Structure formats: structure tokens, C-alpha cells
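Q: below: sequence and its predicted model.
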Amino acid sequence: MQMLKRLEIVGFKSFARKTTLDFSSATTAIVGPNGSGKSNVAEAFRFALGEQSMKSMRGKRAEDLIFGGSHSVSRANRASVAIVFDNPDIGGRRPFKIDFDEVAIERVVHRDGTSEYSINGSRVRLRDIEELLAGANSGETGHQIISQGEADRILMASARERRAMLEDALGLAIYEFKKQEAQRKLEKTETNIAQVESLRRELAPHLRFLERQVEKLERTDALRIELANAAQTYFATEEAYLAAEKRTAYEAAQAAAARLAQTAVELAAIEENATTDAEGARRLATVRAAEAGVEKAAAARAELARELGRVEGALHAAKQRSARIAREPYAKVSREDLLALAEEAQRQLEAPMESGALRAALDSLSKAVRAFVDRFISNDNVLMADEEQAAYALENERAALLEREAQLADEQDQRRSALARSREALAAHDETGKEMRRRLLERAEAKAHEEARVERAQARLRELAQMEEMLELEKRDTVALAGLAALSYEPLPGLPQEEREAQAARRRLVERLRIRLEETGGTGEDVRQEHKEASERETFLARELEDLAKSADGLRSLAQELDAELAKHFADGLARVNASFGEFFAILFGGGHARLTLEESDADADEEPVPSGHDAVLRQGIEIDVALSKKKVRSLVQLSGGERALTSIALIFAMSQVNPPPFLILDETDAALDEANARRYGDMIESLAKKSQLIVITHNRETMRRAGILYGVTMGGDGVSKLLSVKFEDAVAVAK
Ligand code: ATP
């Protein structure tokens, strides 16, 4: 099969003008005088295949590859070489893994050293070319291009280099590509793993902090529930207590009022009987006036008591409010603390920074923080002061009321004494009967007694109303902290049988829980949200890490599988190359043995750790063992130049037999052969050409004779290589 169709050269080295070589024969020979440009053709192939080593193209810089000009032809600005292959579809498979019947691989180099690669006119990366070639067993180590003077290159090469050439020749380079690909991906994955791990490390302390905050909030939640529960019992009991007490006081007031009315009627009747004359009527009038005075004083006292109740309620509320402000967490942070904080922020801002404008923004931010903190604290102080002022005014009011109350009590006492005296006088006026006097005094006393009872009951009712108000305040405060749950309780069927102290203890508990809750602050919705986000991020990162670790594992085992396959194919290939190598060697040398062996694993002992398994096999270089039939020569260095060339040829041919490349270029590989060997060489070329297309650059008649096409290369005085097809007879002449 002839895959190589043609080579198109423009501006490459001595080929200033467009030159096309057709390869329609199995073997093409290129002949011509020294220095005419034959080797440049071989290098054009290397160039187009992506060769990166300037040295192997006999240059130092990219410019050396471009036609440099002569006195009659100007220099070129670019060199381009295209190799065109046939790529037929044979039973669904094509030699090159690309869906075109023809594949043109082209490379252009410019004077500035940049190269462009294309496949069928589309720009590609060098890597794409390499992969395409490796897939068609036409590799980059150039195992298929044997340059002039390099006939024994494979003998000169190190064991490791030899191995690379052999792998390339066996078409195993593709494994190396895949392995490199896997390795690259693995490195990227490992970088990603490191990044994700560092993100997780950064996140961890923040998350731990938030977790602690949320734990605290959860404890607060528990506290809230505890408060709600405690408050329910407390409120229910207090309500039952107040209801019962109110009923009792109310009933007592009712009963006392009824008895009072009765007593008053009885007393009035007695008094009426005592007034039989004008003096009696006057004394009775005095009694009535005194009675009115007592009632007025009582009414004034009752009014005062209501007022006092109002003031005391307000005072209690004001005190509670300022106590709450004092308990607020921010109120505990001193103004100095907060200002120190703002100053620290300012100090950090003043540290050297890159962008001034950024800086300015942060500066104003810091000022805003300061202003806010200032306002915040003074606002708090104002609140506190307001409450304290209000409490102070109420205290004054209360003191005044208490003083007035004392006065009124005195006044009432005096009025009562006056009333008692007027009654005495009224009773003394009626000398008719001691009995009447006794009854009058007794009733008057009873009346005063009932009056006192009514007063007490009413005072108690007022007290209870005040307690109800206090309870409402407590409910509000509790609901603010524990929510409406604190109020979801059933009223008690009756007052529990217990000491009042039990309820006082409940009250203290509720108060304590309220204080603790106030200290822990708000519901922390923002903290919970932040915690949720942070832990979601943590979960995401953990999953990401897991995925990355999985794909890293996958890539590692892929690399191992590739190694295993490579090792297996290499071992097979080596055995097959060895079979041919021994055969060709025996033909060329008329006997003897030659074979490739794997380097002793410690032969290349360097600092690297000793590899094992596939790795060890994959690292072993290739040694060449030779034994000439009639000589005792066993080492390569003992071979003559011709013998080296023959050994090399045997090996190159053996390698080509096992996995034939699309074409093989032999640049004067036959230079060192005597006539007999040149003939054997020619025979081998013929058999080799059945598998790979051959391009032979030669001065040798024997070799020329085997070629189907002969090109002559000449160089005129203009320094430009010219190509012409020649017949065998002419070729011999041209070659000189
Ligand atoms: P031999 O038979 O002696 O091996 P050859 O035919 O293989 O010779 P080449 O080595 O291919 O000859 O060609 C060398 C010629 O190419 C020289 O004349 C050299 O001046 C010319 N040459 C090399 N590079 C350039 C370039 N960049 N521009 C112009 N000519 C160049």
C-alpha cells in the first residue's frame, strides 16, 4: 500500500521555489551531486512532521530553515512543507484517524521563529499533528528517517533513547500520549484538590465559630421554651389567685357595705330619738356635720389612694424599663470599647495600601462606623436618662402623695375624734337613759368598724387591680422574649392548695429566665442564615473534593492500565523485532546472532527510588547483543564502521517489519557498504518496500537499481535546488 503521495516544498532551505515530489512508486531514489540539496529533502520531511530540534535539521535558528537567498535570487520570508498522504477507508478504518480520503500535514515557519501547523488546511496545534502521526505509526522520534551519517544512530543512542525509538516504531507512542494526557489531567485535578482543600481550611474556623453561635442560639431556644413553660404555670396560677382574691375582697366589701348601711340606719334612729328639744337638735346637727366631714376625708383619702396606685404603677414600669436597658448587651459594651474598635479599624486602614481610591472609600466607611457608634451609644444614654428622669419625677410625686396621705390620715383621725366627741355630747344631752347612751356609742363604734372594713376591702381591690396591671406588663415582657407560647395555657379550675411562697418562687424563676434571655440577645436569624450558607458551602466543597478524589483515582488507574498495556505490547513487539533482527543480521553478516535485551534494572541506577512492577519494566532501556560468526566480537564498540552500518540496517529493517511505518527515508545509509553488502542491502530494500514506502538518498548504483522512481537534484549557480525525474542510466551520471 502506498500511503505517501507527495511532498510539497516552498522556501525550505535550498528549495527556493515550489518543488513537488510525487511518490507513486514503492521505492523512490533521490540522487545528485554533493551539496545539491538531497538531505534537505529528508529534513523537509522531519520539519513537516513537527521536529522541534533545530540540530537534527542542521540549523541553529528558525531562519536557517528558510531559503536565505543568493546573489541572483532573493531570500524567502517563510518556508513551508506539506506531506500528503492517501487515507483510504478500508472496511471502516483509515490509516489516519481522521475522516478524509487524503491527509495533508503542513508546517510553515516564519523568520521570527513562529511555526504554524495545519491538517488539510485547518490550523491545528503541534500536539494534534503528533497524535495523528502516532496513530498511524509515524512518530516524532524520527525512527523512520535515517539521516546521513546516522546509519548507526540507533547504535549510538543510549539504552533509554533506543527504547523510545523502539516504542515509537512499534506504534506505542500513542500510549505515551494518552499517559501524558492522563498525567496532565491528574496534575490539574491535584491542583484543584489543593485549592478546594485550602478553601475548606479557610472556611473551617468561620464555620466552627458559626456552629458555636448556633449552639448558643439553640440553648437560647431551649431557654425560651423553658421560660414559656414556667410562665404558663406562673400566669395561670397568678390569674387564679387574683380572681379568687378579688372575689373574696369584693364579697367582703359587699358584706361590710350592707352591714354599714344597716348600722347607719340603726344609729340614725337612736340619734333621732335623742333629739327631743332644741339643744338635742343642735347637737344632732353637729354630729351630722362631723359625719359629713369624716366622709369627705375618707373620699379624699380614697381618691389619693387611687392616685398613689397610678404613680406607683408608673414608677414600677419605669424602673423595669431602665433595668431592661441596663441589661441590653450593647449597653454593657462601654463607649470606650467601641471607640477603640473603630480606632483599630482606622489604624488598619492607615496601613499602606495599593489604590488610593479604594482607600478613600474605606476611610469614609470607618468614619461612618465611628459616627454610628457615637450616635448609638448616646442614643442609649438618652434612653437611659429619660427613664431615670421619669422615675425620679414619679418618686417625687409619690413622696408628695404619701405626705398628703399622712395629712389626710391625721385629718380623718381628727374628724373621727370630733365625730366621737359630738356623739358623746349628743348622748350626754339625753339624761333619760344610760341604756340609750350605751346603744348609741356601741352602734357608732360598730359603724366605724364596718367603715374600716369597707375601706380595707376596697384598698385590697385596688391593690389587686394594680397586681393585675403588673401581671399584664409581665405578660408583655415575657411574650416579647418567649413568644405567644407563654400565653397558651388553660385557666386553672381553682386556686391550687399551696403557700403563696410557691408562686413567689415561680415568679423569681420567670424573672431569672427573662433576664438570661435578654442577655443572650436576639433570635439570631442572620447568624442561622449565615451558618446555613457556610455549612452548605462546606458540604459542597466536601462533595467536590470527593468527586475530585474519585477522578484522580480514575486517572491514576487509567495511567496504570496504560502502563500495563504498554508493557504488554512492548514485550510482544520486542520479541517480534528480535526474531526479524536476528534473521536480517544473519543474512547481512552471513551468520552470527543479534538481539535486543532489556537493560539490567540497576544498570541505570540513579538517585530515583527503585521502581517496581510495570514501572520497572517501562523504565528499562534496550541493549543490543551481537555475536559475529567467525569473530569473537561481542560488543558494539568493537565493530568496524561497515559492520556498525550493517547492524544498524538490520535493526532498522527489523523494526520496520514488525510495525511498518507509512514511509521510511534512508539518507545514504548504504554509504559504507562494499559491493557484496550493497547487493544484500538492495535485496532487503526490495522486501522492505513491500510494507513501507521507501525514499532512498543514495550514490549507490545497486540501490538506485531497486527504485521505481528516480529524482535528480541539482544546484545551479543561483544556489537554488532543482528537481528532475531521471532514468536509471542518467541517474548514475547525475549522481556524480
Ligand atoms: P551530500 O550529497 O554532500 O550529502 P546533499 O545533496 O545532501 O549533499 P544538502 O545537505 O541537502 O546536500 O544541501 C546543502 C545545500 O543546501 C548547501 O548548498 C546549502 O548552502 C544549502 N542550504 C542549506 N540551508 C539553506 C538555506 N537556508 N538557504 C539556502 N540554501 C541553503
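A: Noted; the coordinates are in hand.

Q: what stretches of the stretch 501-650 of the chain score poorly on pLDDT?
A: For the stretch 501-650 of the chain, residues meeting the criterion pLDDT under 70 lie at 521-523, 601-618, 633.

Q: does the closest residue to the ligand within it sit in a helix or strand, and which one?
A: Closest contact between the stretch 501-650 of the chain and the ligand, by Cβ to the nearest ligand atom, is at residue 645 (15.8 Å). Where you see a C-beta, it was placed from the backbone N, CA and C, and this is true even at glycine. Per DSSP states H and E: residue 645 is located in helix 641-658.

Q: contact residues of the protein facing the ligand?
A: 13-14, 32, 34-40, 64, 66-68, 148, 719 (Cβ under 6 Å from any ligand atom).

Q: just flag the most distant two among these.
A: Pairwise distances across those (Cβ to Cβ) peak at 22.4 Å, for the pair 34 and 66.

Q: the more surrounded of these two?
A: residue 66 (22 against 9; other Cβ atoms under 10 Å).

Q: contacting residues around the more buried one?
A: Residues near residue 66 by Cβ atoms under 8 Å, 6 or more residues apart in numbering: 11, 12, 13, 75, 76, 77, 78, 79, 109, 111.

Q: now the last one. Its backbone dihedrals?
A: What it means is residue 111. For residue 111, the backbone dihedrals are phi -60, psi -30 (criterion: degrees, to the nearest 10).

Q: any idea how far it lies from residue 62?
A: 7 Å (Cβ to Cβ, to the nearest Å).

Q: looking at those two, which has the bigger crowd around it?
A: Per other Cβ under 10 Å, whichever of residue 111 and residue 62 has more neighbours is residue 62, with 18 against 15.

Q: check which helix or strand covers the residue lying closest to the more buried one once chain neighbours are set aside.
A: In space, residue 62 comes closest to residue 113 once its chain neighbours are excluded; the distance is 3.9 Å by Cβ to Cβ, 6 or more residues apart in numbering. For residue 113, there is no enclosing helix or strand under DSSP H and E.

Q: residue 113 touches residue 60, doesn't it?
A: No: counting by Cβ atoms under 8 Å, residue 113 does not reach residue 60; the two are 11.3 Å apart.

Q: out of these two, which sits in the more crowded spot?
A: residue 113 (11 against 8).

Q: give me every residue that touches the more buried one.
A: Residues near residue 113 by Cβ under 8 Å, 6+ apart: 61, 62, 63.

Q: got phi/psi on the last one?
A: Pointing back at residue 63 there. Residue torsions, per degrees, to the nearest 10, at residue 63 are phi -60, psi -30.

Q: which residues touch the nearest residue to it once chain neighbours are set aside?
A: Nearest non-adjacent residue to residue 63, counting by Cβ to Cβ, 6+ apart: residue 111, 5.6 Å away. For residue 111, the contacting residues are 62, 63, 66, 77, 78, by Cβ under 8 Å, 6+ apart.

Q: what of residue 19?
A: Each residue near residue 19 by Cβ under 8 Å, 6+ apart is listed here: 8, 9, 10, 721, 722, 723.

Q: could you find the closest non-adjacent residue to the residue of the stretch 51-200 of the chain found nearest the ligand?
A: Nearest to the ligand, among the residues of the stretch 51-200 of the chain, is residue 68, at 3.6 Å (Cβ to the nearest ligand atom). Using Cβ to Cβ, 6+ apart and skipping the chain neighbours, the partner closest in space to residue 68 is residue 75 (5.4 Å).

Q: which SS state does the one you found fall under?
A: coil (DSSP: H, G, I helix; E, B strand; the rest coil).

Q: phi first, then psi, for it.
A: Dihedral angles of residue 75 (phi, psi; degrees, to the nearest 10) stand at phi -70, psi 160.

Q: what about it, neighbour count?
A: Neighbours of residue 75 (other Cβ under 10 Å): 13.

Q: quickly note the distance from it to residue 720.
A: From residue 75 across to residue 720, the span is 11 Å (Cβ to Cβ).

Q: what does residue 499 give?
A: Going from residue 499 to residue 720 by Cβ to Cβ gives 125 Å.

Q: who has more neighbours, those two?
A: The residue with more neighbours, out of residue 499 and residue 720, is residue 720; 19 against 8, by other Cβ under 10 Å.

Q: what's the domain layout of this structure?
A: According to automatic domain parsing, the chain comprises the domains 4-185+562-599+616-735, 227-522.

Q: weakest of these by average pLDDT?
A: Among the domains of the chain, domain 227-522 carries the lowest mean pLDDT, at a mean of 82.

Q: distance between it and the chain's centre?
A: With Cα atoms, centre = their mean, to the nearest Å as the basis, domain 227-522 stands 61 Å off its chain's centre.

Q: same question for stretch 181-193.
A: Worked out by Cα atoms, centre = their mean, stretch 181-193 lies 18 Å from the chain centre.

Q: run through who's touching that stretch.
A: Contact with stretch 181-193 is made by 545, 548, 549, 551, 552, 555, 556, 558, 559, 562, as judged by Cβ under 8 Å, 6+ apart.

Q: need the contact list for the fourth one.
A: With contacts defined as Cβ under 8 Å, 6+ apart, residue 551 is in contact with 185, 189.

Q: swap the cut-off to 10 Å and go again
A: Residues in contact with residue 551, defined by Cβ atoms under 10 Å, 6 or more residues apart in numbering, are 185, 186, 188, 189, 192, 193, 558.

Q: just to revisit the earlier point, joint contacts of residue 113 and residue 60?
A: Common neighbours of residue 113 and residue 60 (Cβ under 10 Å, 6+ apart) are residue 54.

Q: thinking again about what came up before, is it correct that the residue of the stretch 501-650 of the chain closest to the ligand is in contact with residue 639?
A: Yes: here residue 645 reaches residue 639: they are 9.2 Å apart, a contact under Cβ atoms under 10 Å.

Q: good, wrapping up.
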